[in-house]
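Asker: Kindly return the folded structure for what I paste below:
(chains A and B)
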2 protein chains.
Amino acid sequence: MRVLVLGGDGFCGWPTSLYLSDRGHDVTIVDNLSRRKIDVDLEVESLTPIRPIGERLRAWQEVSGREIGFAHLDVAADYDRLVDVLLATRPDAIVHFAEQRAAPYSMRTPATKRYTVDNNIRATHNLLVALVETGIDAALAHLGTMGVYGYGWSGTAPIPEGYLTVKVTTPDGEIEREILHPANPGSVYHMTKTLDQLLFSFYAKNDGLRITDLHQGIVWGTQTEQTARDIRLINRFDYDGDYGTVLNRFLMQAAIGHPLTVHGSGGQTRAFIHIRDTVRCIELALENPPRPGDRPRVLNQVTETHQVRELAKLVADTMAADIAYLPNPRQEADENELVVRNDQFLALGLEPTTLSDGLLEEGTEIARRYRHRVDPRKIIARSVWRKGMPTAEDLVSELPAEK
Amino acid sequence: MRVLVLGGDGFCGWPTSLYLSDRGHDVTIVDNLSRRKIDVDLEVESLTPIRPIGERLRAWQEVSGREIGFAHLDVAADYDRLVDVLLATRPDAIVHFAEQRAAPYSMRTPATKRYTVDNNIRATHNLLVALVETGIDAALAHLGTMGVYGYGWSGTAPIPEGYLTVKVTTPDGEIEREILHPANPGSVYHMTKTLDQLLFSFYAKNDGLRITDLHQGIVWGTQTEQTARDIRLINRFDYDGDYGTVLNRFLMQAAIGHPLTVHGSGGQTRAFIHIRDTVRCIELALENPPRPGDRPRVLNQVTETHQVRELAKLVADTMAADIAYLPNPRQEADENELVVRNDQFLALGLEPTTLSDGLLEEGTEIARRYRHRVDPRKIIARSVWRKGMPTAEDLVSELPAEK
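Answerer: Got it, this is the predicted structure:
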């Protein structure tokens, strides 16, 4: 397949691009390098030393003998150039990661709220319009989030894959309808993914676009088989309060002797997936698209669920770390249950990588190797959901000496 | 009340601004005059000769002795200036009309699809972010559309006001949930209003904003008591295939001897409201806002429903016109039932103005007076929902001589 990967320089996009290339697909990355530029604004860097995109691509060609194309453009702003790239590459499939993906960043300031909505909605909509305009019938896979469903809405019922069957009372008795699961986003970021769902539904219905929306859990892990082949291919590892994801943050914190930062009681239950499964799921989704005229196919891209404080205890026990219970900068339920259906990916052949598979060790090793790159003042999460909400002081102001 | 009217130069915004000013409120219009500029692009003009905004405002001051403020800015683009206006005026209430409002225009070209989404979503989101940033606790009323619900989705059940009660099956038995009515938009324009709903839900929940979403039917009529007071205050009357609304188009067509253009079988049933009721509803909504922490209040701003072919027959019989059944440029059901709840506005004291109230006569008079301003080549609707859908040829190429 000829595949475009929009946002192919990011944390999920880069390993996906290499995986698809390694599997024999003809990959072109479209990216404006915005993730790297946000790091500049936040005065933080990936824990792992990621190389410039040009160097990454040259290294991949050396290592694999395969070429990955690159178009430097902003999908949200450069519509005409996006159309040109579509016409030049005529992709069979498109992966759409080209969205601002951090909930805390999306709540940080008026400017980041606006950027998240403007960027994410325009990127998605430009892509849909460009597909209609060019008539290119590509299978589109979009990275959504489990956060579109919210937490605890349906009691003890498992979260279905996108669509919920409900009964509606009418004068002629009850009727059954299958609806897009009601949206209950917990941040501006999550909200943009609920807007995306409505864009997808409309363009699938009106124009017959073939769209798969992948509601992904929290990604953990860093390396895939491909990114591990050369130091110049290393994937990014975010540890800061805005972009770092919970389990990777715990591993980094343990590696430098920082207490593990749990927000609130840690009673939040969330869905997780390892980055190695992310890349496999994407290929499975591209290979099994809906037909023209079908509603968007929704798959829950998750492999297991864990409560945050249980994860903290696991890492603390394994790595002899302390746990710090800090004020929660988010507005969210202190405790929730979570049962998620992921039958479709299992039926498509996914063999889940779970926490028990020893991959925590890999994260620990990376965190230890690059501990000198940590700025401890970037660890505490300070983007609050409403003005005036308390946040913790820095727990560690200088990087402790290596043991 | 100090009231900001965003989009206060448009077809609904202008009469609303005058009505609220006449009722003693202190009104400031915020508008970038985009509606007039779209007329320039479409090479068409309002049937009625509308005056420049400055002349309109001077005329209103002469006629009423009351001043209406004006800020010329683009709510979707000029965020910082919007914040300045909010801080300078500190409104008690805000009416948000600042969106591209024509379904056919929103389907016309890739550029108009993108403009509709970019403009409408950014305008709404900028406003919400600006209210949070400034801490101004204004009652916000937004003009939504009946089209968010779609047509025929719930069988014989009347369309509720925004929220639908459904039953969900769980392992512990059925539970009841009240959800935002599932979105079934029929065009990119209608889709933007379904996105707006999700923005409103999030900002009401996260920030306690007080928001009322008015799901309005198709507006008919032209003048209100205020716009009729002076020729310089006359409201706009759109008759072209993109912006003209169905009943006003029939009146114009009958006035110039053009067959009434019915798309498809005319079996579409739609909800209607007279412009005089629009302005009253807005004031009622502003005076009865939800409380902080409440979910958005949704009211169906409609007074009656009619089938399009019945409307055509009514106008044809009254004004001795022919009816032409043309290919439908929209993808929509050929026939539908429609029962709509509007209990809340009735409870708030609205006395509906209906088709039977003799106001068709007013529209007919206006159409006859300004018939020389019609460009008959702008009458046929040519914006199609999918490339290649057929549209009619012009039925009349020259304006017939006055009888």
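Asker: Every contact and neighbour count from this point should use C-alpha atoms.
Answerer: OK.
Asker: Show me the helices in the stretch 251-400 of chain A, by range?
Answerer: Here the stretch 251-400 of chain A has its helices, by DSSP state H, counting those that start in this stretch, at A:275-287, A:308-319, A:343-347, A:360-369.
Asker: Could you give the number of residues near the closest residue to residue A:238 other than its chain neighbours?
Answerer: Closest residue in space to residue A:238, ignoring its immediate chain neighbours: residue A:244 at 4.4 Å, by C-alpha to C-alpha, 6 or more residues apart in numbering or on different chains. The tally of other residues near residue A:244 (other C-alpha atoms under 10 Å in any protein chain shown) stands at 20.
Asker: would residue A:244 count as being in a strand?
Answerer: No - applying DSSP: H, G, I helix; E, B strand; the rest coil, one finds residue A:244 to be coil, outside a strand.
Asker: That one contacts residue A:251, doesn't it?
Answerer: No - contact criterion C-alpha atoms under 8 Å: residue A:244 and residue A:251 do not qualify, at 10.9 Å.
Asker: Mean neighbour count, the helices of the stretch 251-400 of chain A: which tops it?
Answerer: The highest average neighbour count among the helices of the stretch 251-400 of chain A, using mean count of other C-alpha atoms under 10 Å in any protein chain shown, belongs to helix A:275-287 at a mean of 20.
Asker: what about that one, average pLDDT?
Answerer: Regarding helix A:275-287, the rounded mean pLDDT is 97.
Asker: between the helices of the stretch 251-400 of chain A, which gets nearest to chain B?
Answerer: helix A:343-347 (17.7 Å; C-alpha to the nearest C-alpha).
Asker: And the residue of the stretch 301-403 of chain A that's closest to chain B?
Answerer: residue A:386 (6.9 Å).
Asker: Kindly present the helices of the stretch 251-400 of chain A as TSV, with separate columns for distance to chain B.
Answerer: Shown next, in TSV, are the helices of the stretch 251-400 of chain A (distance: least, C-alpha to the nearest C-alpha, whole Å):
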stretch	distance to chain B
helix A:275-287	25
helix A:308-319	22
helix A:343-347	18
helix A:360-369	34
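Asker: Just after the lengthiest helix in chain A, pick out the following helix or strand.
Answerer: For chain A, the longest helix by residue count, based on DSSP state H, is helix A:110-134. Once the chain leaves helix A:110-134, the next helix or strand it forms, by DSSP states H and E, is strand A:139-145.
Asker: So which elements touch that following strand?
Answerer: Secondary-structure packing of strand A:139-145 (3 or more C-alpha pairs under 8 Å, 6 or more residues apart in numbering or on different chains; DSSP states H and E): strand A:93-96, helix A:188-207, strand A:210-216, helix A:275-287.
Asker: can you list the ones you listed in TSV and add distance to residue A:234?
Answerer: Shown next, in TSV, are these (distance: least, C-alpha to C-alpha, whole Å):
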stretch	distance to residue A:234
strand A:93-96	21
helix A:188-207	26
strand A:210-216	22
helix A:275-287	13
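Asker: do you know which of these lies nearest residue A:398?
Answerer: helix A:275-287 (30.5 Å; C-alpha to C-alpha).
Asker: what angle do the closest one and strand A:210-216 make?
Answerer: 160 degrees (axes from the mean of the first three to the mean of the last three C-alpha atoms, to 10 degrees).
Asker: next one: stretch A:261-271 to chain centre, how far?
Answerer: Distance of stretch A:261-271 from the chain centroid (C-alpha atoms, centre = their mean, to the nearest Å) equals 18 Å.
Asker: what's the average pLDDT for it?
Answerer: Here the average pLDDT along stretch A:261-271 is 97.
Asker: in it, what counts as buried?
Answerer: A:261, A:262, A:263, A:264, A:266, A:267, A:268, A:269, A:270, A:271 (16 or more other C-alpha atoms under 10 Å in any protein chain shown).
Asker: In strands, which of these appear?
Answerer: A:261, A:262, A:263, A:269, A:270, A:271 (DSSP state E).
Asker: Looking at those, spot the one nearest chain B.
Answerer: Distances from chain B to these, taken by C-alpha to the nearest C-alpha, are shortest for residue A:263, at 18.0 Å.
Asker: Identify the bridge partners of that closest one.
Answerer: residue A:326 (DSSP bridges).
Asker: before we move on, what about the one 4 residues further on?
Answerer: Beta-bridge partners for residue A:267, by DSSP bridges, are residue A:335.
Asker: Would you confirm that it contacts residue A:334?
Answerer: Yes - applying C-alpha under 8 Å, one finds residue A:267 in contact with residue A:334, separated by 5.8 Å.
Asker: just to revisit the earlier point, the ones in strands among the buried residues of stretch A:261-271: which two are farthest apart?
Answerer: A:261 and A:271 (18.5 Å).
Asker: Kindly report the residues of the stretch 1-150 of chain A close to chain B.
Answerer: A:110, A:113, A:114, A:117, A:118, A:122, A:125, A:126, A:129, A:130, A:133 (C-alpha under 8 Å from any C-alpha of the partner chain).
Asker: ok, now which ones touch the fifth one?
Answerer: Contacts for residue A:118 were tallied using C-alpha atoms under 8 Å, 6 or more residues apart in numbering or on different chains; they are A:76, B:118, B:122.
Asker: What's the per-residue pLDDT of it here?
Answerer: Value for residue A:118, per-residue pLDDT: 98.
Asker: Roughly how far does it sit from residue A:232?
Answerer: Distance of residue A:118 to residue A:232, given as C-alpha to C-alpha, to the nearest Å: 33 Å.
Asker: same check, this time on residue A:111
Answerer: In terms of C-alpha to C-alpha, residue A:111 sits 33 Å off from residue A:232.
Asker: neighbour-wise, which of these two wins?
Answerer: Neighbour tally, residue A:111 and residue A:232, criterion other C-alpha under 10 Å: the higher count belongs to residue A:232, 19 against 14.
Asker: Would you confirm that that one contacts residue A:50?
Answerer: Yes - counting by C-alpha under 8 Å, residue A:50 is a contact partner of residue A:232 at 7.1 Å.
Asker: one step back: between the residues of the stretch 1-150 of chain A next to chain B, which sits nearest residue A:24?
Answerer: For the residues of the stretch 1-150 of chain A next to chain B, the nearest to residue A:24 is residue A:130 (26.1 Å; C-alpha to C-alpha).
Asker: Just give the number of residues close to that closest one.
Answerer: Count around residue A:130 with other C-alpha under 10 Å applied: 21.
Asker: Fine by me, thanks again.
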